[in-house]
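# below are the sequence and a predicted model; questions follow.
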Amino acid sequence: MRHRLAYRRSGYVSEFTRFIDDYLQTHPQARENQRRGWRIWWERPAKLRELELIQADSVPEPPYHYD
């Protein structure tokens, strides 16, 4: 597997990196599962009305908490 990262140009590849590279080559579905998991947790549609309600309902923080 060819890596574009600069730190891998030195020739040294750790045992963990070799393991992950080998795992990803033998389990191509792992990348798709990773992308699907990313979409589940991070690529959610924005609910602007809900965000407005949260901001309107919040209590302003004091500039210094220990007063």
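In hand now; what should we look at?
# which parts of this structure are helices?
Under the criterion DSSP state H, the chain contains helices at 15-26, 29-41, 48-57.
# how close does the nearest residue to residue 23 once chain neighbours are set aside get to residue 18?
Counting by Cβ to Cβ, 6 or more residues apart in numbering, residue 30 is the residue found nearest to residue 23 once chain neighbours are left out, at 6.8 Å. From N, CA and C alone the C-beta is placed, and that goes for glycine too. To residue 18, residue 30 is 16 Å away according to Cβ to Cβ, to the nearest Å.
# again with residue 55
48 Å.
# repeat that for residue 43.
Remark: distance between residue 43 and residue 18 (Cβ to Cβ) = 31 Å.
# report the backbone C-alpha coordinates of stretch 30-38 in CSV.
What follows is stretch 30-38, C-alpha atoms only, in CSV (Å, rounded to 0.1, in the frame of the first residue of the first chain):
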residue,chain,number,x,y,z
ALA,A,30,-14.3,-1.8,6.9
ARG,A,31,-13.9,1.5,5.1
GLU,A,32,-17.5,1.6,4.1
ASN,A,33,-18.6,0.8,7.7
GLN,A,34,-16.3,3.6,8.9
ARG,A,35,-17.9,6.1,6.5
ARG,A,36,-21.4,4.9,7.5
GLY,A,37,-20.6,5.4,11.2
TRP,A,38,-19.3,8.9,10.5
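# quick one on the thing from earlier: higher neighbour count, residue 43 and residue 18?
residue 18 (11 against 8; other Cβ atoms under 10 Å).
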